[in-house]
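# Fold the following, please.
(2 chains)
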Amino acid sequence: MIEFRMPSLGADMEAGTLREWKVKPGDTVERGDIIADVETMKGIIEIEVFDAGVVEQLLVKEDEKVPVGTVMALIRPAGETAAPKPAERHVYETFKSIVNVKEEIPPVPAPVHEGLRASPLARRIAAENHLDLSTVQGSGEGGAITREDVEKAIAERDIRLKPRPAEPATAPAASTENIRMAVAAAMSKSNREIPHYYLETSIDMSKALAWLAGANRQRPVAKRLLPVVLLIKATAKALREFPDLNAVWENGLQRKAEINIGFVISLRTGGLIVPAIRNADKKSPDDLMETLTDLIPRARALKLRSSDLSESTITLTNLGDDGADAVFGVIYPPQVAIVGFGGIREQPVAENGLIGVRPVLRATLAGDHRATDGLTGSRFLAALQQLLQQPETL
Amino acid sequence: MGDKTGILITYREALKQALREALLSDDRVFLVGEDVGRYGGAFAVSKGLLQEFGPERIMDAPLSESGFTGAGIGAALAGMRPIVEVMTVNFSLLAMDQIVNNAATLLHMSGGQLNVPVVIRMGCGIGRQLAAQHSHSWEPLYAHIPGLIVLSVGTHEDARGMLLSALKSPDPVVIFEYTYMLNLEKEIPADAGAVDITRAKVRREGRNISIITYGAGVYKALDAAAELAAAGIEAEVLDLRVLRPLDEASVVASVAKTHRALVVEEAWRSGGFAAEISARIMEKAFYELDAPVQRLCGVEAPIPYPKHLEDASVPQIADIVNAVKKMIRP
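Next up is the predicted model:
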């Protein structure tokens, strides 16, 4: 079948209006016959046909404006028998539907490490080997991390991990994409189902930090404590007094006997993972520090045991000193609370009619309003605050 | 079969031998250009050829680049295999209309009916104190044009072989020859002849960095690589050879091996060919890169006459060595 198309009648012509068909279906046309009048910006022009045959079908109506190249009529070449008309369009539609079904899945973007200078190759190798680039010292231009730095870090890590016996029951092979999807699902469920309430209190950290400085002076560098262990311990101890916050909501409130603090570790490749610090209320600050030292690298290497992941009874998120001032968490279901700590900042503090500058920590609680009320949460934060004023008792 | 013993030869002599072999092996081949006959070529490349082949095949043309280049294109259309010599690349701008608007486009515009097997040789480059009149690196201008094959003769081996392969091409070929290398002696195999004109070539293997270059940059990069080897840095030297169509695969393969690339050219930096190479590496080998791609290009000024300023206006061996060291040991 010959397709008769809207011709281009000048380089600047984009469309033409069919004014009149000079033929009708069934007419025989010869090469050179005028078969239509088309109006362009330059006026009405007679259009000739370049093939001989029988007009099969006129596809454009009179006074219709169509772009250059649009099929206007189908002409059956002389000698060819009539073809079933709808075939062509049908095939096209079928093709279109096949194309539509096969939706392309966009490729997963490469992990992004904000503010880290590393070569593309170094990033690629680190991602392939689940290496946290933030732990790597760069030797390249401007401190950029190069392939050599990454390969060295991987080799060192592998040596560190090797002597250990095979770890029992490792969590199912987690990839960063899986983790992203898991976080997405849990957080969506939380936001959908849990009515959150939020509380915040500012805690003077001068006593806690002073105690920590003294305590660290007596410890070798590798065993020194970070402020976060005091926060974990204080949270765990405070929870003893408020068992309704150390619980899950499954067909009503169910308190948990152990206080297992789910500690949020963000992965540099995106996403986060929340291993449990079991019986945190019974661990000394040194024990907690040791637990963290073990847990954080394993978490970032995605080498956690399944028990590490399933036992938490409450979540603690700590932004650290580089983080924002405060964090208002989203509860990890079926838990009923999440405690959040911002960075410790020097702030003007009014006390006894005087103003002083103190290191201040903004502690927050997001609670499940089905499980507890603001009063419980408020008392919990007050207890937490009290505990951090007596760091030696932690 | 062939004789692999080396012979010491100048770049000029290699070019002349190629011309002579071409004239001997195909009587459709003729040379046309300014001073190519009686004078023996502005740079003595065609010296003696008029006496050997006669004025029908070694044709002195008047000062009319557009005219004799167009004549070459016409002869190619009519079945000849013309070699058009443009004395120096600066004059080629007068012939550019013929090259770009006719030679490069006729195959396309004739719907594949008219191919133009013309070979256009141009003397070019910097280093003979020919100042801003005759010292140019305009390879990027021609490498920009679809329809042309653009070759850069960076070695004696290619001086001996590229012309012969270019004459076999059904499409127009522009060959850049470097006047400052004419007297340079190097060894080539005694039986050297036609060479491949589709691929770039690794002139020296290395694993720490790829020095990607062409033309006058090739020997400089090789000398720099030798110096770097003494300092414990193994630089690979990739001679692009064919600027259009670019052998992207060889560029990517080299960068995938060394993970660092320094692109060296004498042409001006902005919009130069190094920019194109750099962009291709970003597009095709980004995740292989362990350091940003760097360029060493000509200083963006008309080429000066005084020797020391001329030297300073294009990358020299010491510049390449320094740039590589800075990239590898920042």
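
# and residue B:63, that one's in a helix?
No: under DSSP: H, G, I helix; E, B strand; the rest coil, residue B:63 sits outside any helix and is assigned coil.

# Now it: closest residue in space, sequence neighbours ignored.
residue B:34 (6.1 Å; C-beta to C-beta, 6 or more residues apart in numbering or on different chains). All C-beta spots, glycine's among them, are computed from the backbone N, C-alpha and C.

# Surely that neighbour touches residue B:60?
Yes: at 7.2 Å, residue B:34 and residue B:60 qualify as touching, with contact defined as C-beta atoms under 8 Å.

# who has more neighbours, those two?
Under the criterion of other C-beta atoms under 10 Å in any protein chain shown, the comparison of residue B:34 against residue B:60 puts residue B:34 first, with 20 against 16.

# Now that one: phi and psi?
The phi/psi pair for residue B:34 (degrees, to the nearest 10) reads phi -80, psi 130.

# same question, the one 3 residues further on
In this entry, residue B:37 is assigned phi and psi values of phi -90, psi -90 (degrees, to the nearest 10).

# Report how many residues lie close to the residue in the stretch 51-200 of chain A that chain B sits nearest to.
Closest to chain B within the stretch 51-200 of chain A is residue A:141: 3.9 Å, counting by C-beta to the nearest C-beta. Around residue A:141 sit 16 other residues, with neighbours defined as other C-beta under 10 Å.

# Please name the nearest non-neighbouring residue to it.
Skipping the residues right next to it in sequence, residue A:141 comes nearest to residue B:330 by C-beta to C-beta, 6+ apart, at 3.9 Å.

# tell me the contacts of that neighbour?
Residues touching residue B:330, when contacts are defined by C-beta atoms under 8 Å, 6 or more residues apart in numbering or on different chains, comprise A:140-142.

# how much space between it and residue B:260?
Distance of residue B:330 to residue B:260, given as C-beta to C-beta, to the nearest Å: 11 Å.

# which regions of chain B lie under the pLDDT threshold?
B:1-4 (pLDDT under 70).

# Alpha carbons only: can I get the biggest strand by length in chain A in CSV?
In chain A, taking DSSP state E as the definition, the longest strand is strand A:354-368. The C-alpha atoms that make up strand A:354-368 are tabulated as CSV, following Å, rounded to 0.1, in the frame of the first residue of the first chain:
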residue,chain,number,x,y,z
LEU,A,354,22.4,34.4,85.7
ILE,A,355,23.4,33.5,82.2
GLY,A,356,26.1,31.0,81.5
VAL,A,357,27.4,29.1,78.5
ARG,A,358,26.8,25.4,78.8
PRO,A,359,27.0,22.4,76.4
VAL,A,360,23.4,21.6,75.8
LEU,A,361,21.8,18.5,74.3
ARG,A,362,18.3,18.5,72.9
ALA,A,363,16.6,15.2,73.7
THR,A,364,13.3,14.3,72.1
LEU,A,365,10.8,11.5,72.5
ALA,A,366,8.3,10.4,69.8
GLY,A,367,5.7,8.3,71.5
ASP,A,368,2.8,6.1,70.2
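
# so what strands line up beside that strand?
Paired strands of strand A:354-368, with direction, are strand A:196-204 (antiparallel), strand A:337-341 (antiparallel), strand A:345-351 (antiparallel) (DSSP bridges).

# Highest mean neighbour count out of those?
Neighbour counts (mean count of other C-beta atoms under 10 Å in any protein chain shown) averaged over each of the strands paired with strand A:354-368 peak at strand A:337-341, with a mean of 26.

# Could I get the contacting residues of residue A:197?
Contacts of residue A:197 were listed using C-beta under 8 Å, 6+ apart, and they are A:366-367, A:369, A:373-374, A:377.

# again, but for residue B:231
So residue B:231 contacts residue B:325 (C-beta under 8 Å, 6+ apart).

# Please name the nearest non-neighbouring residue to residue B:128.
Leaving aside its sequence neighbours, residue B:128 is closest to residue B:180 (5.1 Å, by C-beta to C-beta, 6+ apart).

# quick one, phi/psi of the one you found?
Torsion angles at residue B:180 (phi, psi; degrees, to the nearest 10) stand at phi -70, psi -20.

# Run through the residues that contact it.
Residue B:180 makes contacts with B:125-128, B:216, as judged by C-beta under 8 Å, 6+ apart.

# which one of the residues you listed is nearest residue A:305?
Distance ranking of the contacts of residue B:180 against residue A:305, using C-beta to C-beta, places residue B:216 first at 63.1 Å.

# Residues of chain B that sit close to chain A?
Counting by C-beta under 8 Å from any C-beta of the partner chain, chain B comes close to chain A at B:259, B:286-292, B:327, B:330.

# Now for residue A:257, how many residues are close by?
The criterion is other C-beta under 10 Å. On that basis, residue A:257 has 9 neighbouring residues.

# give me phi/psi at it?
Here the main-chain torsion angles of residue A:257 (degrees, to the nearest 10) amount to phi -70, psi -50.

# Which parts of the stretch 101-250 of chain B are helices?
Ranges of helices within the stretch 101-250 of chain B are B:106-109, B:131-134, B:139-143, B:156-168, B:217-230, B:248-258, based on DSSP state H, counting those that start in this stretch.

# before we move on, the earlier item: between the contacts of residue B:180, which is nearest chain A?
residue B:216 (28.0 Å).

# Isn't the closest one up against residue B:126?
Yes: judged on C-beta under 8 Å, residue B:216 makes contact with residue B:126 at a distance of 7.1 Å.

# list residues touching both of those two?
Shared contacts of residue B:216 and residue B:126, defined by C-beta under 8 Å, 6+ apart, comprise B:137, B:180, B:266, B:314.

# Just give me the neighbour total for the last one.
As a burial measure, the neighbour count of residue B:314 was computed by other C-beta under 10 Å and equals 25.

# cool, the first one as well?
Under the neighbour criterion other C-beta under 10 Å, residue B:137 is assigned a count of 27.

# Would you mind measuring from it to residue B:308?
Computed as C-beta to C-beta, the residue B:137 to residue B:308 distance reads 19 Å.

# Any regions of chain A where pLDDT drops low?
Flagging of chain A using pLDDT under 70 yields the residue ranges A:10-12, A:42, A:81-114, A:161-176, A:306-307.

# What residues does it have near chain B?
Within chain A, the residues that sit near chain B (C-beta under 8 Å from any C-beta) are A:110, A:119-124, A:140-142, A:144, A:146-148.

# Separate out the buried members of those residues.
With burial judged by 16 or more other C-beta atoms under 10 Å in any protein chain shown, the buried subset of those is A:119-124, A:140-141, A:144, A:146-147.

# Enumerate every residue touching the nearest residue to residue A:15 once chain neighbours are set aside.
Closest residue to residue A:15 apart from its sequence neighbours, by C-beta to C-beta, 6+ apart: residue A:67 at 4.8 Å. When contacts are counted by C-beta under 8 Å, 6+ apart, residue A:67 is found next to A:6, A:14-15.

# Please apply the same query to residue A:75.
When contacts are counted by C-beta under 8 Å, 6+ apart, residue A:75 is found next to A:1-4, A:29, A:49, A:51, A:53-56.

# could you redo the residues you listed as TSV and give each row neighbour count and secondary structure?
TSV is the format used below for the contacts of residue A:75 (neighbours: other C-beta atoms under 10 Å in any protein chain shown; DSSP: H, G, I helix; E, B strand; the rest coil):
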residue	neighbour count	secondary structure
A:1	16	coil
A:2	18	strand
A:3	14	strand
A:4	25	strand
A:29	23	strand
A:49	21	coil
A:51	15	coil
A:53	21	strand
A:54	18	strand
A:55	20	strand
A:56	20	strand
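
# ok, of the residues you listed, which one's closest to residue B:145?
For the contacts of residue A:75, the minimum distance to residue B:145 (C-beta to C-beta) is 35.3 Å, reached by residue A:3.

# how about the longest helix anywhere in chain A: buried residues?
Ordering each helix of chain A by length in residues (DSSP state H) puts helix A:176-193 first. For helix A:176-193, a neighbour-count test (16+ other C-beta under 10 Å) marks A:176, A:179-180, A:183, A:190 as buried.

# Quick check: residue A:343 touching residue A:318?
No: no contact is recorded between residue A:343 and residue A:318 when judged using C-beta under 8 Å, the distance being 9.3 Å.
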